[in-house]
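# got a structure for you, letters missing:
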């Protein structure tokens, strides 16, 4: 029974959704910090965060 838990596609879909949500939350947190900052590399960091954020929907298992 325990091994079925880890081979169930629904388990992996939930883990995948959690990972995407966590990543989006962390990017949002970092973006808010950098939008308020006055650093010379601010725009570069914000562009990289946007690029990562745009990739989040595609971060899925093949069966999702």
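That came through, no problem. Only a predicted model underlies this, so the values are computations on that prediction, with no experimental measurement involved.
# What does the pLDDT read for residue 3?
Reported pLDDT at residue 3 in the predicted model: 57.
# separation between the spatially most central residue of the chain and residue 40?
Residue closest to the average C-alpha location in the chain (C-alpha atoms, centre = their mean): residue 23, at 2.5 Å. According to C-beta to C-beta, to the nearest Å, residue 23 stands 26 Å off from residue 40. In short, each C-beta sits where N, CA and C put it, glycine included.
# where are the low-confidence patches of this protein?
Within the chain, the segments meeting pLDDT under 70 span 1-7.
# For it, which segments are assigned as helices?
With DSSP state H as the definition, the chain shows helices at residue ranges 2-7, 9-36, 42-55.
# Out of these, the one nearest residue 64 is which?
helix 9-36 (5.8 Å; C-beta to C-beta).
# roughly how far is the closest one from the heart of the chain?
Offset of helix 9-36 from its chain centre (C-alpha atoms, centre = their mean, to the nearest Å): 4 Å.
# residues of it that come out buried?
Across helix 9-36, burial judged by 16 or more other C-beta atoms under 10 Å covers 20, 27, 31, 34.
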